[in-house]
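Undergrad: let's see this in three dimensions:
(one chain, ligands or ions: 2)
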Amino acid sequence: MKIALIMVKSKVYRFKNRSIFFNRMPDCLTLGMLHSIVKNAFPEIEIQLYDETVEVVKKEEIDADLIGISAITPCINRAYEYARYFKNKDKTVFIGGVHATLLPQEVKKHCDSVVVGLANETLPALIRDFTEGNLKDFYFQDQNMSFENMVFPSRSIYEEKSLFGDELNMVQATFGCMNMCGFCVQPYVCFGHHKRPVADVIEEIKQIKDSYIEFYDPNLAKDKEYLKELCEALIPLKKQWFAPMTISVCYDEELLELMKKAGCCQILIGFESISQASVKSINKKFNTVDEYKGCVKTLHKHGIKVMGSFVLGLDGDDKNSFGKILKFVNDAHIDFVRYTINTPYPGTPYYEEMKKSGRIIQSNWDYYDCRHCVIQPALMTKDELEKGYDFLWHKTYSLLNVIKRLNYGQSKVKFLKQVVHNFVFGIVYNSMVHKRSEGNFT
Ligand code: B12
Ligand code: SF4
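TA: Ligands and ions are numbered 1, 2, ... in the order given. Down below sits the predicted model:
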């Protein structure tokens, strides 16, 4: 039996100019994990992998009995196009991923079967049922699913697809997050917050050749005791690492010291807004705007760089907010900055709330890529918000602002290295990654 697993790209987002080499760098663990799940359960099955985010996929050449498609919300329409194509060829199609988890009933209309939540246990069940002619409409992640002894992702699947033959260097120790921030899907994607045993994570990391790893956890600091245990175990491995976590870590200097010792070089923090009213509107209780600058300073003191993430267009923001944010990120000396437009994802209470109050102005999921305004902002127009988003991405990464922002007393060598790194990051993002377009591609 042959199974094809396809990761689809989104329509109005990036991955259009495939010739540019940045487009051939894999940045997702999903196919590696799905490949490993199938391979472990059914070593005899032939698995074909296609990732539209790094390669041109010729669907006419795909010949498999079972077709599985992975998509997040902004990619889901593309997944439906693929599903229609393969169903017309009498193939059996199933779809999984975040959108399928949030809106399984919608997704079912486009395929034979839907996988809801993590696929570790359900994908083998689906394949077994298919071979027995007993495929079900839905496969739901068991709420008591075990996170012990999870299979390790297949790390070399991009050897031929990517530009540099990269091995995947990402790892996930914890899943989900129950902090319930309004705009976030994490409370709903895998039915709670789950932790793998530290020993399992360490065993997996030992097998990663790269000396730098990225944690793909939504919030690695959700459980501080767990993070401490993980850090202790990471020390002998001498890896450098990056992870997303909340600002709460900045209030525990002992933990920061341990993180640094364990190889942490940068963390991503969701500051979200510099307006306390906006922060409150999304229920991000632990973010105190007045303390942001001090928190960044503390991280720098411990040798940890900060990638600051901001959500634009929250209910306390108006068209004057963008200039203030630019000044703030410079004054606070945030090392890297990311901006997204506030996007309520379908299938969450936040989306329902926006729908009820008549604020949804775009219902095509293609535009739910955090680069387009899909809801009526409270204190400005859609145009003002999108222009403010463009303004911030461009201004934040202009050479002048990069120099201002990174001038916080680090050594000359570190400063120059950071300026170059930031400048390149800015060029990449501004020219292709965050760019908005109407996306006509085949
Ligand atoms: C890496 C990553 C990216 C990468 C690439 C993602 C991609 N597919 O295009 C980059 C950096 C490009 C990116 C960009 C964006 N991302 Co992103 N990203 C992630 C991240 C951090 C990790 C994904 C990952 O590799 N997980 C590890 C794998 C193993 O888990 P998984 O993908 O969930 O897969 C499991 C299940 O979902 C399921 N499954 C998934 N697919 C399939 C398919 C089949 C057939 C089956 C059976 C099962 C199945 O089984 C898998 C194993 O259990 C997640 C957060 C997270 N921790 O999950 C966000 C996340 C997926 N991103 C998200 C968002 C919003 C975006 C952006 C829109 C905005 C932004 N942040 O800039 C853009 C848009 C991208 C686009 N293509 O248009 C949201 C998705 C929300 C949604 N409703 O879909 C997430 C969940 C983050 C969040 N907000 O919580 N992202
Ligand atoms: S802390 Fe981060 S991951 Fe957790 S719910 Fe809030 S935004 Fe989502």
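
Undergrad: measure residue 295 to ligand 1 for me?
TA: Residue 295 sits 22 Å away from ligand 1, going by CB to the nearest ligand atom, to the nearest Å. C-betas here are computed from N, CA, C, even on glycine.

Undergrad: residues of the stretch 51-200 of the chain that sit close to ligand 2?
TA: With CB under 6 Å from any ligand atom as the criterion, the stretch 51-200 of the chain comes near ligand 2 at residues 177, 179-181, 184, 186-187.

Undergrad: bridging residues for residue 336?
TA: Residue 336 has these beta-bridge partners by DSSP bridges: residue 307.

Undergrad: for the chain, which segments count as strands?
TA: Shown for the chain, the strands assigned by DSSP state E span residues 2-7, 46-51, 66-70, 92-96, 113-116, 138-140, 170-171, 174-175, 194-195, 212-215, 240-244, 264-272, 305-312, 336-341.

Undergrad: export those strands to TSV and append columns for mean neighbour count and distance to residue 413.
TA: Output for those, formatted as TSV (neighbours: other CB atoms under 10 Å; distance: least, CB to CB, whole Å):
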stretch	mean neighbour count	distance to residue 413
strand 2-7	22	39
strand 46-51	18	37
strand 66-70	26	42
strand 92-96	25	46
strand 113-116	24	49
strand 138-140	18	53
strand 170-171	22	28
strand 174-175	23	35
strand 194-195	17	38
strand 212-215	19	19
strand 240-244	20	17
strand 264-272	22	15
strand 305-312	22	15
strand 336-341	22	18
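
Undergrad: right, and these - which one's nearest ligand 1?
TA: strand 92-96 (2.3 Å; CB to the nearest ligand atom).

Undergrad: what's that closest one packed up against?
TA: If contacts are counted by 3 or more CB pairs under 8 Å, 6 or more residues apart in numbering; DSSP states H and E, strand 92-96 sits against strand 66-70, helix 76-88, strand 113-116, helix 122-131.

Undergrad: deepest in the core, which of those is it.
TA: Burial of the helices and strands packed on strand 92-96 is given as mean neighbour count (mean count of other CB atoms under 10 Å); strand 66-70 ranks first at a mean of 26.

Undergrad: what angle separates that strand from helix 122-131?
TA: 150 degrees (axes from the mean of the first three to the mean of the last three CA atoms, to 10 degrees).

Undergrad: partner strands of strand 66-70, with direction?
TA: strand 2-7 (parallel), strand 92-96 (parallel).

Undergrad: which among those is found nearest to residue 135?
TA: In this view, the strands paired with strand 66-70 are compared for proximity to residue 135 by CB to CB, and strand 92-96 is the closest at 6.7 Å.

Undergrad: can you report phi and psi for residue 43?
TA: Main-chain dihedrals, residue 43, degrees, to the nearest 10: phi -60, psi -20.

Undergrad: residue contacts, the residue in the stretch 251-400 of the chain that ligand 2 sits nearest to?
TA: In the stretch 251-400 of the chain, the residue that lies nearest ligand 2 is residue 270 (5.2 Å; CB to the nearest ligand atom). Counting by CB atoms under 8 Å, 6 or more residues apart in numbering, residue 270 makes contact with 181, 244, 246-247, 284, 287, 309, 311.

Undergrad: appreciated, that's everything.
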